[in-house]
Each structure stands twice: as structure tokens, then as C-alpha cells.
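Novice: This is a predicted model, with the sequence first.
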Amino acid sequence: MSIPQTRQRTLEQQRAAFAWQCVQAVQRTDFASEYGQLARQVASLVQMHGLGQTLAFLAAKAKDQQNEHRQLARDLSRWVSQQLLGTARDDLRDWIVQSADVAEYRRATLEALAFLTWLKRFAEAELVKE
């Protein structure tokens, strides 16, 4: 899944477009509902524990299989790395641990939270079955 390159869209529109693309891709999986539930919770995890620990938690829950935790970690990493580093990475943990300074980490966290707001909205609308 590539991050859409668009003509003169605002950053907010770009976040929304990528979040929509992520939700649409997950709809065709057998873990769509679980992804939707997780998308509702992950922003709180980032706020309470930090972006790095949240990505580590998601990776630990993935257990070498394609599931909602792995997909959400990948979607989040791709968006944040594209915005901060100019290239989409599937896993942002190495950059956080080895390269990011305090200001970059703070910016990455704020960007993650902004993206997760859109992801949560679309996941609630399309994936969560109450």
C-alpha cells in the first residue's frame, strides 16, 4: 500500500486519505473487526506509554503472523516515517531507538496522534460492529 501523492492537499486531507486507504485494505481481511477495535484504543496507548512502547506492544502481540496488531503497527509506522523521514518504513522502532532525538520523537508522536484520529473515525464507521 503506497501513501497517496496528491496535488495540493492539506496535511489533514492527506492523513484522512491514508487512514481511509488503510481501513479499506483491512476490510478484506479476517481480522477487520479486531483492527477496528484496536484502532479505537491505540491513540490512548500512545498518549499513556509513548509511541515507541506502543509500537513495541503491537509488535509483541503480532507473534509472526498477519493480524490486526501487525497491520496497525505497519500502517502507523508507514505514515509517520513518510512524514518525518520522507520514505515509508514498515517498522519505525529502529529509528525511534537509534536515530530520533527528543524533538523528532515528539514530532513523530504528535503526527501519530493526528493520523490515529482519522484512523479511529474511519474504523468506527466501517469496521466496528457493536
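Specialist: Yep, it's here. This structure is a prediction, so every number in the text was calculated from the model and none was measured.
Novice: contacts and neighbour counts: CA atoms only from here.
Specialist: Fine.
Novice: quick check: mean pLDDT across the helix ranked longest in the chain?
Specialist: As assigned by DSSP state H, the longest helix anywhere in the chain is helix 102-126. For helix 102-126, mean pLDDT is 96.
Novice: Centroid-nearest residue for this structure?
Specialist: Among the residues of the chain, the one closest to the centroid is residue 76, at 1.9 Å (Cα atoms, centre = their mean).
Novice: May I ask which helix or strand encompasses it?
Specialist: helix 68-85 (DSSP states H and E).
Novice: before we move on, the earlier item: mind listing what's buried in the longest helix of the chain?
Specialist: 105, 107-124, 126 (16 or more other Cα atoms under 10 Å).
Novice: returning to what we had before: I'd like to know which elements the helix holding residue 76 is packed against.
Specialist: If contacts are counted by 3 or more Cα pairs under 8 Å, 6 or more residues apart in numbering; DSSP states H and E, helix 68-85 sits against helix 32-49, helix 51-62, helix 102-126.
Novice: what about residue 68, how many neighbours?
Specialist: Per other Cα atoms under 10 Å, the neighbour tally for residue 68 reads 24.
Novice: I meant to write residue 29 there.
Specialist: Residues contacting residue 29 under the criterion other Cα under 10 Å number 13.
Novice: swap in residue 57?
Specialist: 15.
Novice: dump the residue contacts of the nearest residue to residue 61 once chain neighbours are set aside.
Specialist: Nearest-residue entry for residue 61: residue 69, 6.1 Å, with adjacent residues in sequence omitted and distances by Cα to Cα, 6 or more residues apart in numbering. For residue 69, the contacting residues are 35, 38, 58, 59, 61, 62, by Cα atoms under 8 Å, 6 or more residues apart in numbering.
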